[in-house]
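Engineer: What follows is a predicted protein model with its sequence.
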Amino acid sequence: MNIIVVGLSHKTASVEIREKAAFSPNQIEKPLAELIKLEGIIEGVIVSTCNRVEIYATTRDIAGGIARIKRFMAEFHHLPFEALEPHLYSYHAEAAIRHVFRVASSLDSMVVGEPQILGQIKTSYGYAAEFKSSGIILNRFLHKAFSVAKRVRTETKIASSAVSVAFAAVELAKKILGDLSDKTVMLIGAGEMCELAAKHFLNSGAKGVMVTNRTFERAERLADEFSGEAVPFETFIEHLHRADIVLSSTGAPHCIIGPKDAVDVIKRRRFKPIFFIDIAVPRDIDPRVDDVEHAYLFTVDHLQDIVQANLAQRSLEAEKAEEIIDQEIGQFHKWLSTLEVTPTIVALRNRFDEIRRAEVEKTIAAWKDLPPDAEKRLESLTMAIMNKLLHAPTSTLKQSGQGGRVDLYVDALRQLFELEALQRDTEELELEE
Amino acid sequence: MTHLFFILTVALYSGATIAYLACLQRTSPTLTRWAARLLSAGFSAHLLSTIHLASKLKYLPLTNTQESLSFFSLVIIGCFIIFERKYKVTTLGSFIVPVGLMMLLASSSLHDKVHQLHPVLQSNWFWFHALVAFASYACFTIAAGVAVMYLMQRYFLKKKHFGGLFQKLPSLETMDEISYRCLTIGFPLLTVAIISGSIWSEKAVGSYWIWDPKQTWSLIIWIIYAALLHGRLTIGWRGKRAAILSIIGFIVVLFTFLAMKHSITW
C-alpha cells in the first residue's frame, strides 16, 4: 500500500491559482466522495488552506493514482489541465510521508513555525473522518503527523520566537515586567506601528492604555478605540509614572523625555522598572534615559535585531525539527510495510505451522509403541487441517487486493495472531492521545 | 550504609548539575523533567543518608564543619525544590544546584573527627537554633543566586545583548519577587535563630550575649538583611542595589559559617 500526495502551495503557485484550486470546507463532502471513487484510490483526505491545496491518498498504483488525482483537481474546478499541472507537485512513499510531517510541523509554511497549519490539517482530517473517506492508513498516518508536529513544537523553539517588531516589543516587555496583566501602556503620538504594538500589548493582557497627542481630539479618538484614557500632551509627563510601558512616536524635532524626567518617574514609581520604546525618527526619548537605573529604553533598531536573531534561530531550530521528522518517518514506514498482503500470509502460515509442528512433536514424544507410519500420517493429517483452515482467509486476502478492506484485514490478522507488529502498535496508540 | 547513600547523593547531584547546566544551552522539556527528577532523587538519598547518620550518632549531624556543610547543602537543595515548584524557574537550578554539589564535595573532602557530643550541645535550644539558622541561610543562598541572575539579565537588557542566556533567564519582575520572598522568609527565621541562640548561650554559659565571633557576625548579617528589607519596604529598594547587597549578605553568611566557630563549643 502506498501513500501519495498531490498538491500545490505558496511555493509553486500564485494566489490566483491557489484561489481557483481551493476546496471550500462547506462543500467538502462532494470532492471527498468523488476522490475515493477514482480508480485505484482507496482513501483520501483534502487539505485546503489559503496557502496550500493538497490531497493525501492511498493507492496500489502510484503513477496511475497521481495522474488521476491531478486530473481530478483540474476537472473538479473546471480548470484546463495544462494550466494547473505545472504548479502541482506529487510525492509517494517516504517522500510523501516526509512532506506531510513537514507541513503539519509548519516547516513548509510561508512563515516557518506559524501555528495555524496544524489546526487546519486537523480540521481537514476531521471532515475526511466524518465522511468516511479516510481509512485505517490515513487515520494512523495523520495521527502520526499530529504527534510529530507536537514533538517538533515542544522539543524545538521553532514556534516560540517573535518574528515581528511589534511582537518582539511584547516579548521584551515580558522579560522586564513579567506578567503583563496588571500593566499599563502609554502611547505618545500616533503612528501605525505604535498602534499595532499597543494592540499586541492589549492582546497579551495589558490592563489599560493612556494616549496622548498634540491634537487632543486624535488622542481621544484613539483612546476610545482601545477603551483607554486620553491625556493632554502638555502635561503627559505628569502621568508618565502610571505607565509601565511607554511607546513613543511623535514627529517632534527634539527629545520630549529626558534623563531627568526618567529619574523623577522612577522615583514616583518607587523604583519599579519602566519600559520605553522609541519608534520616532528623530528620537523622542533621549538615549541617556537608558543609563537611568530601572529605566529600559529600546529603539526600533533593537527590536529589529531581536527579530533578525529570532529568524536565524528559527532556521537552526528547523534543522532540529528535520531530524525529529527523520526519526519518525522510519517508524511509520515500517508499520506501513507490514500491511502488505503477501508477507502477512507468509507470516500467518509460519505461525500456524509453528504450532502444528510443536504439537505433532509433543504427541510423538509421548506415544509409546509408535506404529511405523504414524509419524507420516500425523504429519499429513495436521497439514491438511492447517491448509483447510488457512484457505478461506488466504483467498479472501488475495482477492480483496483492491479496496480499503484489505488493510483492515491485514492489520486485524497481525494483531489477532500476534504477528510481530504488536510492540509498534501499543506505542502508536499511546501517541494518538 | 551512610557512606553508600552519600556516594549515591553525590552521583545524583552531579547528574542533576550537568542536566541543569545543559538546560541553559537547550530547550527540552524532557531534559528539564530529568534534571528535576535527578535532583529529587539526590535529595531523597541525601535525606536518608543524613537520617541514617543521625540515628547512628543519636544527634543531628551538624556539630562539625564536615557535617554542617552536608546539612547546609541538604537544606539549600530542599529549599530550591520548593521554590522551583512554586515559581517554575528551571534556570535558578543552574545557579543553585552546583552550589549544593560543591558544598557536599567540600564536606566529603573534610575528615573531621566525630568527637563526643559536647555537653553544652545537649540542649534542645541548640538544635532548634541550628535548624532555624540553616533554613534562613538556605533562603539567603537562593536570594543570592537570584541576585546573580538578576544582575546578568539587567546587564543583557542594558547592553542589548539578546542571546540565548537572555532568553533563558526569567523576567526581572519574577526574580525580584523571588528574592523578596526569600528575604521575607529568611529574615524572620534569622531573627528567631539569633534569639534562640542567645537563650541557648544563657543556658550553656549563663549569659545571653557573650560577643563571641559567631554572635557578632550573626548580628552583622542580621543588620545587612534588616537594611535590605527596610529599604525595600519603605522606599522600594530593588534591582541592582538590592541584588548587590543580597550577594554581599550571602558572602558574609558563608564567611561566618565557615570561619567563625562558637567559642562555647570549640
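Structural biologist: Nice, I can see it. Residues are numbered from 1 along each chain as shown, chains lettered A, B, ... in the order given.

Engineer: can we go C-alpha only for contacts and neighbour counts from here?
Structural biologist: OK.

Engineer: Nearest residue to whatever residue of chain A ends up closest to chain B in space, please, no chain neighbours.
Structural biologist: When scored by C-alpha to the nearest C-alpha, chain A has residue A:175 as its residue closest to chain B, at 4.1 Å. With C-alpha to C-alpha, 6 or more residues apart in numbering or on different chains as the criterion, residue A:175 has its nearest non-adjacent residue at 4.1 Å, and that residue is residue B:171.

Engineer: Now do the phi/psi pair for that neighbour.
Structural biologist: Main-chain dihedrals, residue B:171, degrees, to the nearest 10: phi -70, psi 160.

Engineer: ok, how many other residues are close to the residue of chain A closest to chain B?
Structural biologist: Counted with other C-alpha atoms under 10 Å in any protein chain shown, residues neighbouring residue A:175 total 22.

Engineer: Residue 25: what's it in contact with?
Structural biologist: Since no chain was named, I'll use chain A. Going by C-alpha atoms under 8 Å, 6 or more residues apart in numbering or on different chains, residue A:25 touches A:48, A:124.

Engineer: The intended chain is chain B.
Structural biologist: For residue B:25, the contact set (C-alpha under 8 Å, 6+ apart) comprises B:164-165.

Engineer: Over to residue A:278?
Structural biologist: By C-alpha under 8 Å, 6+ apart, the contact set of residue A:278 is A:247-249, A:284-285, A:297-300.

Engineer: Tell me which two of the residues you listed sit farthest apart.
Structural biologist: Largest separation among the contacts of residue A:278 by C-alpha to C-alpha: A:249 and A:297, giving 13.5 Å.

Engineer: Residue A:98 is in contact with residue A:145, correct?
Structural biologist: No. Judged on C-alpha atoms under 8 Å, residue A:145 makes no contact with residue A:98 at a distance of 9.3 Å.

Engineer: Looking at the two, which is more packed in?
Structural biologist: Between residue A:145 and residue A:98, counted using other C-alpha under 10 Å, residue A:145 has the larger neighbour count: 28 against 19.

Engineer: so how many other residues sit close to the residue nearest to residue A:175?
Structural biologist: Residue B:171: 23 neighbours (other C-alpha under 10 Å).

Engineer: residues contacting it?
Structural biologist: Residue B:171 sits next to A:174-178, B:153 when contact means C-alpha under 8 Å, 6+ apart.

Engineer: mind redoing it with 6 Å?
Structural biologist: A:175-176, A:178 (C-alpha atoms under 6 Å, 6 or more residues apart in numbering or on different chains).

Engineer: Quick one, which of the contacts of residue A:278 are buried?
Structural biologist: In these, burial by neighbour count holds for A:247-249, A:284-285, A:297-300, counting by 16 or more other C-alpha atoms under 10 Å in any protein chain shown.

Engineer: Strands - which of the residues you listed land there?
Structural biologist: Counted as lying in strands by DSSP state E, out of the buried ones among the contacts of residue A:278, are A:247-248, A:297-299.

Engineer: about what we covered before: please tell me how far the residue of chain A closest to chain B sits from residue A:275.
Structural biologist: Distance, residue A:175 to residue A:275, using C-alpha to C-alpha, to the nearest Å: 10 Å.

Engineer: Pull out the buried residues from whichever strand or helix holds residue A:348.
Structural biologist: Secondary structure from DSSP states H and E places residue A:348 in helix A:341-366. Using 16+ other C-alpha under 10 Å as the test for burial, helix A:341-366 gives A:341, A:344-345, A:347-348, A:352-353, A:356.

Engineer: Likewise for stretch B:100-111?
Structural biologist: So, applying 16+ other C-alpha under 10 Å, buried residues of stretch B:100-111: B:100-105, B:107-108.

Engineer: Can you lay out these as JSON lines showing pLDDT and secondary structure?
Structural biologist: JSON lines is the format used below for the buried residues of stretch B:100-111 (pLDDT from 0 to 100; DSSP: H, G, I helix; E, B strand; the rest coil):
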{"residue": "B:100", "pLDDT": "94", "secondary structure": "helix"}
{"residue": "B:101", "pLDDT": "95", "secondary structure": "helix"}
{"residue": "B:102", "pLDDT": "94", "secondary structure": "helix"}
{"residue": "B:103", "pLDDT": "92", "secondary structure": "helix"}
{"residue": "B:104", "pLDDT": "92", "secondary structure": "helix"}
{"residue": "B:105", "pLDDT": "91", "secondary structure": "helix"}
{"residue": "B:107", "pLDDT": "88", "secondary structure": "helix"}
{"residue": "B:108", "pLDDT": "85", "secondary structure": "helix"}
